[in-house]
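Trainee: need coordinates for the below:
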Amino acid sequence: MNISKGLYHTIYHPRLIIIPLIVNVFLTFIGTIASYAGFSILYFSNSYAAPFGIPFLDDVIFPFQGLIANWLLTSIAIIVILLLKSYALSTYLGSMKCFLVGPDNTYSILKIAPYYFDRMVRFSIIEFCISGILLTFSTVFWPLALLGILIVLFYSLTPYIIVLEDTTVRNAIARSPKLFIKNFGTLFLIALVSLIFRFLIKEIPFPDTKMEYYVVSLLYSFIGTILIFAVMNCLHKSIYTFILPSKKVIKSRKLFLPLWIVALLLPLLGAMLIVD
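Mentor: Numbering: from 1, shown residues only. Next up, the predicted model:
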């Protein structure tokens, strides 16, 4: 039910797919600049929390960065990435919430993103620091890193709760373990489906890097959005046990085809930035 609803909204609202696609193109652009300018990007992936985060192509993008230590450029890149991720996550999850509570064709992205932005920035900073600590543990004593990842998973629902309950980062962190345990079975199934698809996508043979980027970017964004919406739907039903009947509205299809065309063309921009 959760995944089927995610599939429906992902197909019917291609703007959801466009958000991670735009982010991936920008991240690829930053990675390309880093490669040519010769500085590294200190960015930690949260792929261990899949599918509880916006689908980024870390393994495709960041191998193309430079290797020279330039802390000024690296710090600027980190700040830009954190701000970009926070803005995108605000828009991404905020849009999904609008589709869940309806009517779903009256919201404004320009209003959604700023509303959650400052809270998402604080969350992204916390996530960045914790991911850095876990990476350090993995190089020093991997069992400690594994234990840390297991603990962090209980708090991986924080951004969802921030949006769904419109609460503070502190309250969302405090609420996350309870909702995680309450919905563990459903979340485990969604995460298992996510990992299976990740494995299958990585096994696809590609003739070149550009083709790999294009196909993987589309698949990550499409499948990832379906599963993330499924998590949102699961938590929404868990938090709001009593929901008024949704208001029927006439849904506009005028932008349906143009948005899908944009979604199919966006990965081409990122692929053009990849150097074989």
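
Trainee: point out where the protein drops to low pLDDT.
Mentor: Counting by pLDDT under 70, the chain shows low-confidence ranges at 1, 39-69, 102-109, 242-254, 275-276.

Trainee: which other helices and strands contact the strand or helix carrying V80?
Mentor: V80 belongs to helix 71-101 when elements are defined using DSSP states H and E. In terms of contacts (3 or more C-beta pairs under 8 Å, 6 or more residues apart in numbering; DSSP states H and E), helix 71-101 is packed against helix 15-37, helix 109-140, helix 158-164, helix 209-239. For glycine as for every other residue, the C-beta is placed from the backbone atoms N, C-alpha and C.

Trainee: swap the cut-off to 10 Å and go again
Mentor: Here helix 71-101 is seen to pack against helix 2-12, helix 15-37, helix 109-140, helix 158-164, helix 209-239 when contacts are counted using 3 or more C-beta pairs under 10 Å, 6 or more residues apart in numbering; DSSP states H and E.

Trainee: just give me how far that helix sits from the chain centre.
Mentor: 9 Å (C-alpha atoms, centre = their mean, to the nearest Å).

Trainee: might one say that I173 is in contact with F180?
Mentor: No. I173 lies out of contact with F180 (C-beta atoms under 10 Å); the separation is 11.5 Å.

Trainee: give me the neighbour count for the closest residue to I19 other than its chain neighbours.
Mentor: Excluding the flanking residues, the one nearest I19 by C-beta to C-beta, 6 or more residues apart in numbering is Y92, at 4.8 Å. Here the number of neighbours of Y92 (other C-beta atoms under 10 Å) works out to 30.

Trainee: so that it lines up with my notes, have the first residue be 21 from now on.
Mentor: Sure, I'll start counting at 21 from here, so that last one is Y112.
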